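A.B. asks: Show me how the following folds:
(2 chains)
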Amino acid sequence: DIQMTQSPSTLSASVGDRVTITCRASQSVSGWLAWYQQKPGKAPKLLIYKASTLESGVPSRFSGSGSGTEFTLTISSLQPDDFATYYCQQYNNYPWTFGQGTKVEIK
Amino acid sequence: EVQLVESGGGLVQPGGSLRLSCAASGFTFSSYWMSWVRQVPGKGLEWVANIKEDGSEKYYVDSVKGRFTISRDNAKNSLDLQMNSLRAEDTAVYYCARDRTRFDPWGQGTLVTVSS
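C.D. replies: This is a model prediction of the structure:
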């Protein structure tokens, strides 16, 4: 199975900060990577797919990059609604696997 | 509006069985793969199984192979997960999701608790 490792596990930031989350795969997933946002008690929400394609309706402050084994999710200017947990997910090989999550907290 | 609504969760004893259902609306259900994804409360996400548009292909994570069965009824726009030989480690919120390799949208989830 492909292991997905996110860093950091927790991130403390302020409104307006630029935030970057990294996701590393144990083997190449090409560009087949998605990012999700999850708030407490809610289902995850798709933000980005194919490493860098923004899902319709997702604010442009979110962006994704990378290929192969290293990927990043960037929030250009953190907003109050962005405090949540973020997950990466590979869909290059079965079983589809997720990173362990990165919690973005208020500093 | 695209919507997925899960049902069927609850408390079950170890070794028991439970059947989850997911009702889909707002899109052409028969045109999409569908998946089940689970999440232990307070923990991360784990993909469980998926099924092709016509039900002809199914894939499972190793930890549920031989115990869980995914199925669908395209005439009723519904997705099921039959869970047998349940273990404590199967305790989780189970989400159904439209699977375009990325998951979107997700249902609200249904909690399965395996405990004596």
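A.B. asks: Stretch A:20-37 near chain B at all?
C.D. replies: Yes: looking at stretch A:20-37 against chain B by Cβ under 8 Å from any Cβ of the partner chain, the contacts come from A:Trp32, A:Ala34, A:Tyr36. Bear in mind the C-beta positions are built from the backbone N, C-alpha and C, glycine included.
A.B. asks: now, which of these sits nearest chain B?
C.D. replies: Using Cβ to the nearest Cβ, A:Ala34 is the member of the residues of stretch A:20-37 next to chain B that lies nearest chain B, at 3.9 Å.
A.B. asks: Report the central residue of chain A.
C.D. replies: With distances taken as Cα atoms, centre = their mean, chain A has A:Trp35 as the residue nearest its mean C-alpha position (3.9 Å).
A.B. asks: which residues touch the strand or helix carrying that residue?
C.D. replies: With secondary structure defined by DSSP states H and E, A:Trp35 is part of strand A:33-38. Strand A:33-38 is contacted by residues A:23, A:25, A:44-51, A:62, A:64, A:66, A:71, A:73, A:82, A:84-91, A:101, B:45, B:101-103 when judged by Cβ atoms under 8 Å, 6 or more residues apart in numbering or on different chains.
A.B. asks: Listing partners with orientation, what would you give for that strand?
C.D. replies: strand A:45-49 (antiparallel), strand A:85-90 (antiparallel) (DSSP bridges).
A.B. asks: how near is the residue nearest to the centre of chain A to B:Cys96?
C.D. replies: According to Cβ to Cβ, to the nearest Å, A:Trp35 stands 20 Å off from B:Cys96.
A.B. asks: Please, which helix or strand holds the nearest residue to B:Ser31 once chain neighbours are set aside?
C.D. replies: Among residues not flanking B:Ser31 along the chain, B:Glu53 sits closest, at 5.9 Å (Cβ to Cβ, 6 or more residues apart in numbering or on different chains). Using DSSP H and E, B:Glu53 maps to neither a helix nor a strand.
A.B. asks: Just give the number of residues close to B:Glu53.
C.D. replies: Neighbour count for B:Glu53, taken as other Cβ atoms under 10 Å in any protein chain shown: 16.
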